[in-house]
Structures are given as structure tokens and as C-alpha cells.
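**Q** Any chance you can model this:
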Amino acid sequence: MRHTTNMPQLISTPAAGFDQPFEMLDACHERVDRTLDLLQRLVDHIDTKGHDASSRSAATDVMRYFDLAAPHHHLDEERHVFPPLLTSGNLEWISAVKTLLQDHEDLHRQWADLREVLQHWASEDPTAGVVSASTHQAVRTYCARYAQHKQLEDGVVYPAARSLMASPAALQAMGAEMRERRQQH
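**A** So this is what the prediction gives:
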């Protein structure tokens, strides 16, 4: 679809492969950042220019990412990154993982509410171009929560998990399971 406004769309970039699972998780964080940026630009676009084909397309792109890729990413972490930290005996790591697990639940609930708004925006409904104060707040809250979440993962949890899962066999098994699970969907 050709976009009639200058609002950039979500750009697909090459991702790390399953043979490098932590690099793949890092690349996913970059896509989260780009998708959250698109979400914020979408709200600004609707506020300033109204609802149009470009905003419908952007809403669809944001939904596609958080409906498909984000749940896989969270499951990757819950199956592979978090378990060795929870059994490590390191209280800082255990606390961080418990926070991240709660974040996953909270982000999932927040996404369900935001998704309803985005689904409306993705439709052809001419009244879809209204951004309420509560939607502005929901977007700000969701983006801020994700930023804090990623900061804890990137600053504490991923480095700790990398140190515990340094063997090629462990990384290969992790990547293989990630690949297989995605192929099943």
C-alpha cells in the first residue's frame, strides 16, 4: 500500500539468526523500540492530521508486532533466559526476574486494552480518528513500562544469563527451540 503522508512505517530489518539467540533477543528489543516509536508517532499523527490510510496502516503494523513477535519474545525469555537465573541463588538476579515476569503479565494486560483502540484505528471507521486523554495516558504508560522492562533485561538479566549459558551446546539448544516454536505457528 502506498502511504500518502510522510509518517514513516515500521521498517523490517535483517534479524540475527537462531544460531545466535541472545543477539536475536537484542534485535527484538530494537524492533520493540521502533514499534513503540511508531505507536507514539501514530498518536501524534492522528492528533495533528486525523485518521487516514497511513494511520490505518501504522495501527496494523503495531498490532502485528505486539500480537505476533512480542509474545514469542516473552516466551523465549521465560523458557530460556529466566530459569537459570531463578535457580542461580543470586538474589539480585532472582528479584530482577520476578519483576520481569510481573512486567510480562502487566504488559500483556495493557496491550489488550491498547489493541482495542488500535483495532478501531485500523478500521475504515471515519470516527476512528479520535485520541482520548485516556488513550494518550495508556500509550505513555505502556511505552514507559516497556522502556523500564528492557533496561532491566539489557542491564542485568541478559548479561547474567549470557554468563550462565556460555556453552555452545546451551545456546544451540536455546536457538533450536526458539526456531521450532515459531515454525509451529
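**Q** now stretch 137-148: mean pLDDT?
**A** If you average the pLDDT over stretch 137-148, you get 97.
**Q** Kindly report the same for stretch 155-167.
**A** When pLDDT is averaged along stretch 155-167, the result is 94.
**Q** so how far is it off the chain centroid?
**A** 20 Å (CA atoms, centre = their mean, to the nearest Å).
**Q** how long is it end to end?
**A** Counting by CA to CA, to the nearest Å, the length from the leading to the trailing residue of stretch 155-167 is 21 Å.
**Q** Pull out the buried residues from it.
**A** Neighbour counts over stretch 155-167 (16 or more other CB atoms under 10 Å) mark V156, V157, Y158, A160, A161, L164, M165 as buried. Glycine gets a C-beta too; all of them are placed from N, C-alpha and C.
**Q** Which secondary structure state is assigned to H72?
**A** With DSSP: H, G, I helix; E, B strand; the rest coil as the basis, the three-state label of H72 is helix.
**Q** Hmm, it is touching E180, no?
**A** No: between H72 and E180 no contact is recorded; they are 11.7 Å apart, counting by CB atoms under 8 Å.
**Q** In terms of packing, which of those two has more residues around it?
**A** Taking other CB atoms under 10 Å, H72 and E180 do not tie; H72 has more neighbours (14 against 10).
**Q** now the longest helix along the chain, how far from the centre of its chain.
**A** For the chain, the helix with the greatest residue count under DSSP state H is helix 91-122. Using CA atoms, centre = their mean, the distance from the centre of helix 91-122 to the centre of the chain it belongs to is 9 Å.
**Q** where in the chain is pLDDT low?
**A** Filtered on pLDDT under 70, the chain yields the residue ranges 1-16, 126-129, 185.
**Q** D26: how many residues sit nearby?
**A** Neighbours of D26 (other CB under 10 Å): 15.
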